[in-house]
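[1] need coordinates for the following:
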Amino acid sequence: VLSFIIFVCYIASLAASFMMAPLLEFLLALFLFFAYASKLNEKFKGLHWPLMDFLRCVTAAIIYFAISIAAVSKYSDGASKAAGVFGFVATIVFAIDFYITFNDLVAFLKQGSSDSPEGRKSEDEDSDSDSD
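    From the prediction side, this is the model:
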């Protein structure tokens with residue numbers, strides 16, 4: 001929702017050249033929302049969904065921070081200033097989401113790595129008993 005508000009503010013401002021970044025972020029967030037809602041993450045296990053969400057949060061925070069600084073400092077109309085302020089708020093929101101997603105990603109990766117050593121340990125125990 002915040003990305004859509006920023007997109008509308010950039011359309012109404014003199015800084016309309018920055019409108020593509022919020023639009024792409026809004027569409028990507030909408031796609032991931034529907035993918036999680038329709039349980040596509042359970043159907044397509046080959047994709048690393050937490051990593052995709054992590055990368056989306058990191059890039060969105062960096063891009064929103066950069067275009068917000070440019071919009072606030074370069075343009076003087078009210079819509080550009082509003083888009084810049086909403087962009088700074090979006091940067092904070094995406095940074096918080098980045099932190100939460102990072103913790104989920106670490107748990108996801110630990111879960112995947114904890115399954116493999118157990119399987120190797122049982123194979124090693126079997127091979128040691130055969131050699132004696």
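[2] show me where pLDDT drops low in this structure?
    112-132 (pLDDT under 70).
[3] helices of that one, start to end?
    Ranges of helices within the chain are 2-12, 20-37, 40-43, 49-74, 78-131, based on DSSP state H.
[4] can you say which of these is packed in most?
    With neighbours defined as mean count of other C-beta atoms under 10 Å, these peak in mean count at helix 2-12, which reaches a mean of 20. Every C-beta, even on glycine, is put in place using the N, C-alpha and C of the backbone.
[5] contacts only, for Pro50.
    101, 104-105, 108 (C-beta atoms under 8 Å, 6 or more residues apart in numbering).
[6] any chance of a markdown table for those residues, columns distance to Ala29?
    What follows is the contacts of Pro50, written out as a markdown table (distance: C-beta to C-beta, whole Å):
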| residue | distance to Ala29 |
| --- | --- |
| Thr101 | 12 |
| Asp104 | 16 |
| Leu105 | 17 |
| Phe108 | 20 |
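[7] separation between Pro88 and Leu109?
    No, residue 88 isn't Pro; it's Phe. Phe88 sits 31 Å away from Leu109, going by C-beta to C-beta, to the nearest Å.
[8] likewise for Ala90?
    Ala90 is 27 Å from Leu109, by C-beta to C-beta.
[9] likewise for Leu14?
    45 Å.
[10] check contacts around the residue lying closest to Phe98 once chain neighbours are set aside.
    Among residues not flanking Phe98 along the chain, Cys57 sits closest, at 4.1 Å (C-beta to C-beta, 6 or more residues apart in numbering). By C-beta under 8 Å, 6+ apart, the residues touching Cys57 are 94-95, 97-98, 101.
[11] now do Ala70
    Here Ala70 is in contact with 15, 18 (C-beta under 8 Å, 6+ apart).
[12] ditto for the one 10 residues further on
    For Ser80, the set of contacting residues under the criterion of C-beta under 8 Å, 6+ apart consists of 9-10, 13-15, 71-72, 74.
[13] picking up where we left off before, which two among the contacts of Cys57 are spaced furthest apart?
    Farthest-apart pair in the contacts of Cys57 is Ala95 and Thr101; separation 10.6 Å (C-beta to C-beta).
[14] Pro22: which of the contacts of Ser80 is nearest?
    Distances from Pro22 to the contacts of Ser80, taken by C-beta to C-beta, are shortest for Tyr10, at 6.3 Å.
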